[in-house]
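# Turn this into a structure:
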Amino acid sequence: MPVNTVSRFRRPWAVAALATATAAAALATGTTSQAAAATVTLPPAHAGFDYQIGGAYTPPPGVQVVSRDRTASPAAGLYNICYVNAFQVQPGEQGQWPADLLLRDANGNVVIDEDWGEALLDIRTAAKRDRVAAKVNGWIDGCADKGFNAIEPDNYDSYTRSRNLITASNAKAFITLLSAHAHSRNLAIGQKNTAELAGSRTQTGLDFAVAEECGQYDECGDFTAAFGNHVIVIEYTAGGLKKACAGWGSQLSVVRRDVDVTTPGSSGYVRKTC
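Okay, here's the model as predicted:
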């Protein structure tokens, strides 16, 4: 979703580059997650990309990389990224979580991302982070078992919507747990949005970036500074696509989709590239 108006939207194997940069970082830091990252394969840079988290369909010609929801199956012969809503609860699924893992304000009310009607998960303590990660890691296992190549954990930036209850440090600690587990399953893991934390990618074990509207809001450079050309850009407006293509179209994977990420044949379906 547009960066500065509402919460960003969530919901590429031809020739793939090995994660050598991440491996070098692992040698420098010695962390388990980063060491494991040496064995994962990154999405090919500047490859044809399609964002299908709103529904799977036959990828258009030229597409090498696809992102799909964890409930979908990967596209045969392509590099597949598995979307998981890692920091918030999908609408209608609050009952699937223990009550104490839903973030609550001083009055005991569940803190909601009003733009999407999603409860925030409480990742403020190590014990709670471990419990939330256990459930999300189960989804990551499902993605691995299906044959996906990478994970896209959404809402890394939910701390900015937490009424100051969750900190950036909490978010980084939690995504580091997910990175370690993804790497243990030989899956790459992408940073979703959250340009302000891109500089922490070595610490958190993140391998590439999925950036919504970084062209529109002049943030693509923040991601390339941390991830090089392993950045996938999704724009939702004609102007955003024009800016992304002008500045980054020769280096990054760039696509424009409709905000609801619909399927071909839907009245609102949009997919354009540079």
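# Check for me that Tyr269 belongs to a strand.
No - counting by DSSP: H, G, I helix; E, B strand; the rest coil, Tyr269 falls outside a strand, being coil.
# excluding its backbone neighbours, what's nearest it?
Spatial nearest neighbour of Tyr269, chain neighbours left out: Thr262 (4.8 Å); criterion: Cβ to Cβ, 6 or more residues apart in numbering. Where C-beta positions appear, they are placed from N, C-alpha and C, glycine not excepted.
# Bridged to the residue lying closest to Ala188 once chain neighbours are set aside, which residues?
Closest residue to Ala188 apart from its sequence neighbours, by Cβ to Cβ, 6+ apart: Ala150 at 3.9 Å. Per DSSP bridges, the residues bridged to Ala150 are Ile81, Ala188.
# Stretch 71-81: how far from the chain's middle?
Relative to its parent chain, stretch 71-81 has a centroid offset of 15 Å by Cα atoms, centre = their mean, to the nearest Å.
# so how far does it reach from one end to the other?
12 Å (Cα to Cα, to the nearest Å).
# So what touches it?
Contacts of stretch 71-81 from elsewhere in the structure, counted by Cβ atoms under 8 Å, 6 or more residues apart in numbering, are 12-14, 16, 41, 43-44, 47, 52, 55-56, 58-59, 63-68, 82, 146-152, 190, 210.
# Not counting its neighbours along the chain, what's nearest Tyr156?
On the basis of Cβ to Cβ, 6+ apart, the spatially nearest residue to Tyr156 that is not a chain neighbour turns out to be Thr194, at 4.4 Å.
# can I assume Asn39 is in contact with Ser184?
You called it Asn, but residue 39 is Thr. No - under the criterion of Cβ atoms under 8 Å, Thr39 makes no contact with Ser184, lying 9.7 Å away.
# could you pull out the helices for this structure?
All helices of the chain, identified by DSSP state H, fall at 20-29, 32-36, 126-146, 168-184, 201-204, 220-227, 238-248.
# Can you redo the ones you listed as JSON lines, where the extra columns are distance to Pro98 and mean neighbour count?
Formatted as JSON lines, the helices of the chain follow (distance: least, Cβ to Cβ, whole Å; neighbours: other Cβ atoms under 10 Å):
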{"stretch": "helix 20-29", "distance to Pro98": "33", "mean neighbour count": "16"}
{"stretch": "helix 32-36", "distance to Pro98": "26", "mean neighbour count": "22"}
{"stretch": "helix 126-146", "distance to Pro98": "7", "mean neighbour count": "17"}
{"stretch": "helix 168-184", "distance to Pro98": "16", "mean neighbour count": "22"}
{"stretch": "helix 201-204", "distance to Pro98": "25", "mean neighbour count": "20"}
{"stretch": "helix 220-227", "distance to Pro98": "34", "mean neighbour count": "20"}
{"stretch": "helix 238-248", "distance to Pro98": "39", "mean neighbour count": "18"}
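# thinking again about what came up before, neighbours of the residue nearest to Tyr156, how many?
25 (other Cβ atoms under 10 Å).
# wait, isn't it in contact with Asp154?
No - using Cβ under 8 Å, Thr194 is not in contact with Asp154, being 10.2 Å away.
# Tell me the predicted confidence for Trp97.
What the model reports as pLDDT for Trp97 is 98.
# Could you tell me which ranges of this structure sit under the pLDDT cut-off?
For the chain, applying pLDDT under 70 flags the ranges 1-38.
# farthest residue from the center of it?
Within the chain, Asn107 marks the point farthest from the mean C-alpha position, 31.6 Å out by Cα atoms, centre = their mean.
# one step back: and Gly92, which of the helices of the chain is closest to it?
helix 126-146 (16.1 Å; Cβ to Cβ).
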